[in-house]
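Novice: What follows is a predicted structure for the sequence shown.
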Amino acid sequence: MKKKRWTLGIMIGLRQAQIEQLLASGSGQQLEAKVPEDAFCRSLCSAGEKYELDVYLFSPLMYDSAKQQLLGIRLMNDRWECAVCPLPDLVYDRCFYCSKEERARVRDFLHKMTCRHRFMKLGSDLPGKREVFYILAQSAELAGLLPQTFRYRDPVSLAQQLAAHPHGLFLKPDAGSQGRGAMHLYQGNTGKTLHLRGRDLSNRPLAAAFPNAEAALQAVAKFIGRRRYIVQPYLALTDHQGRAFDLRVLVQKNERGNWSVTGMSVRTGENGSVTSNVHGGGTATDAEAALKLMLSTEKAAMLMKRIRFISMLVPHQLEKACGRLFELGLDFGIDTEGRLWLLEANSKPGRTVFDASPGNTGKKAVERPLQYARLLGAGVLKVNRLISDSAQNSVDTMKKRFPKESFQEVHP
């Protein structure tokens with residue numbers, strides 16, 4: 001009997017105009033432009049054969065429910081080409097949404113697809129940052145690593161928080177990514193002037209000064225609008241040159257389904273930037289080499305050992321509340337007094353920061369999702385039946401569990 005070859009669909013986000021063009025052209029149409037995360041997607045498709053997986057890219061919005069046909073994107077002779085693809089057995093969600101409306105449309109099309117052919121997502125989504133912090137704070141071992149986190153409500157409550165924190169406040173979108181919209185609000189040396197620096201929603205540097213608190217708070221309120229934001233005390237997370245930096249850890253499930261640390265990298269921001277994100281102009285270096293420059297060899301080794309230990313606690317704590325996960329990007333900060341902070345956990349981590357890592361870290365970061373997909377594929381029919389009965393991993397599960405929260409995106 002011929003062994004089944006599982007289909008793995010990499011779910012990506014495409015612009016509506018691009019989707020309409022591809023649907024009009026149909027199968028055989030070559031894509032002139034790059035797809036989102038182009039290099040990563042190429043690596044996934046190229047390595048699929050090694051794990052007996054048929055890997056292709058797709059947007060749920062390219063599914064024709066009347067014809068029960070999915071137009072996907074395959075890597076053909078090193079070029080992307082549209083092709084009619086079988087509905088996926090497994091889905092790796094790398095879709096990043098521009099709006100709630102887009103998310104709702106994708107969810108509707110996914111529902112139509114699963115009515116025809118049930119599939120299994122490799123892992124669940126995480127809720128917003130504030131909800132993630134609440135879940136992690138339930139662990140006694142993790143609670144002390146988390147900065148205080150509040151939901152932004154209005155200028156009055158922000159003024160109260162600002163008065164309680166002399167070094168200022170750090171504000172960021174509850175479901176943000178790549179450092180977009182992150183801001184440091186702080187008081188100037190005169191005692192009256194307030195300053196705001198950070199990045200706007202297009203990831204461009206942002207800086208402004210205000211003559212008084214009222215003007216600053218109103219400007220922040222206007223910038224935030226109706227978006228969900230969280231507020232934290234500003235932490236001095238800078239290196240010996242005064243540049244913003246943090247440490248990204250990629251944890252993934254391996255071919256045995258066990259959590260393991262794939263890689264660690266230090267991200268350093270541009271001079272004057274409040275974020276260290278690579279998409280915001282930052283650079284990435286190997287964690288061990290970077291920490292040895294900042295600390296002694298012995299202290300760097302001790303710190304990395306502690307970070308590895310904590311990184312194994314986080315996914316287990318999150319899975320208790322969020323369901324099955326399979327990879328996380330964890331961001332750690334070290335303040336000027338040497339205190340370690342756990343800043344974020346992201347369920348759609350980027351890979352760019354590990355390009356500079358030694359050994360085969362970059363290769364493992366790409367292939368572990370395929371290894372895990374193959375593991376799920378071996379029992380996919382049983383897993384799908386469980387989904388049908390309990391809906392624990394359906395596309396609507398997280399929405400039902402956290403109805404008031406938005407969801408996290410990638411944070412490269």
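Specialist: Yep, that arrived. Just so you know, these numbers come straight off a predicted model, no measurement behind them.

Novice: Least confident secondary structure element in the chain?
Specialist: Ranked by mean pLDDT, DSSP states H and E, the weakest helix or strand in the chain is helix 380-390, scoring a mean of 36.

Novice: I'd assumed residue 256 was in a strand, is it?
Specialist: No: under DSSP: H, G, I helix; E, B strand; the rest coil, residue 256 sits outside any strand and is assigned coil.

Novice: Pull up the per-residue confidence for it.
Specialist: Residue 256 is assigned 88 on the pLDDT scale.

Novice: Can you give me every residue that contacts it?
Specialist: Listed by CB atoms under 8 Å, 6 or more residues apart in numbering, the contact partners of residue 256 are residue 375. C-betas here are computed from N, CA, C, even on glycine.

Novice: For the stretch 251-400 of the chain, which segments count as helices?
Specialist: All helices of the stretch 251-400 of the chain, identified by DSSP state H, counting those that start in this stretch, fall at 287-294, 297-322, 361-377, 380-390, 397-401.

Novice: which stretch in those helices has the least confidence?
Specialist: For the helices of the stretch 251-400 of the chain, the bottom mean pLDDT is recorded on helix 380-390, which sits at a mean of 36.

Novice: Of the helices of the stretch 251-400 of the chain, flag the one that's most buried.
Specialist: Mean neighbour count (mean count of other CB atoms under 10 Å) peaks for helix 361-377 among the helices of the stretch 251-400 of the chain, with a mean of 21.

Novice: by contact count, what packs against it?
Specialist: When contacts are defined as 3 or more CB pairs under 8 Å, 6 or more residues apart in numbering; DSSP states H and E, helix 361-377 packs onto strand 6-11, helix 38-47, strand 53-58, strand 90-93, strand 245-253, strand 259-268.

Novice: Which residues outside it are in contact with it?
Specialist: 4, 6, 8, 40, 43-44, 47-48, 50-53, 55, 89-90, 92, 120, 122, 250, 252-257, 262-263, 326-327, 351, 354-355, 383.

Novice: any chance of the helices and strands packed on helix 361-377 in JSON lines, with mean neighbour count too?
Specialist: JSON lines is the format used below for the helices and strands packed on helix 361-377 (neighbours: other CB atoms under 10 Å):
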{"stretch": "strand 6-11", "mean neighbour count": "23"}
{"stretch": "helix 38-47", "mean neighbour count": "18"}
{"stretch": "strand 53-58", "mean neighbour count": "23"}
{"stretch": "strand 90-93", "mean neighbour count": "23"}
{"stretch": "strand 245-253", "mean neighbour count": "24"}
{"stretch": "strand 259-268", "mean neighbour count": "22"}
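
Novice: closest to residue 311 out of these?
Specialist: Checking these against residue 311 by CB to CB gives strand 245-253 as the closest, at 4.8 Å.

Novice: State the distance from residue 168 to residue 312.
Specialist: 33 Å (CB to CB, to the nearest Å).

Novice: next one: residue 100
Specialist: Per CB to CB, residue 100 is found 34 Å from residue 312.

Novice: Could you do residue 51 as well?
Specialist: Residue 51 is 25 Å from residue 312, by CB to CB.

Novice: Next: residue 110.
Specialist: Separation of residue 110 from residue 312 (CB to CB): 32 Å.

Novice: pLDDT below threshold where in this protein?
Specialist: Within the chain, the stretches with pLDDT under 70 are 1-3, 269-282, 356-358, 379-412.

Novice: how is it carved up into domains?
Specialist: Per automatic domain parsing, the structural domains of the chain span 6-117, 129-147+237-401, 150-233.

Novice: Do a quick rundown of the strands in the stretch 51-200 of the chain.
Specialist: Secondary structure of the stretch 51-200 of the chain (DSSP state E, counting those that start in this stretch): strands at 53-58, 63-64, 69-76, 79-85, 90-93, 120-121, 150-151, 169-173, 183-187, 194-199.

Novice: will you turn these into JSON lines that also has distance to residue 284?
Specialist: JSON lines is the format used below for these (distance: least, CB to CB, whole Å):
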{"stretch": "strand 53-58", "distance to residue 284": "25"}
{"stretch": "strand 63-64", "distance to residue 284": "36"}
{"stretch": "strand 69-76", "distance to residue 284": "26"}
{"stretch": "strand 79-85", "distance to residue 284": "27"}
{"stretch": "strand 90-93", "distance to residue 284": "23"}
{"stretch": "strand 120-121", "distance to residue 284": "28"}
{"stretch": "strand 150-151", "distance to residue 284": "30"}
{"stretch": "strand 169-173", "distance to residue 284": "20"}
{"stretch": "strand 183-187", "distance to residue 284": "22"}
{"stretch": "strand 194-199", "distance to residue 284": "18"}
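
Novice: Just tell me which of these ends up closest to residue 268.
Specialist: Nearest of the strands of the stretch 51-200 of the chain to residue 268, taken as CB to CB: strand 194-199 at 15.5 Å.
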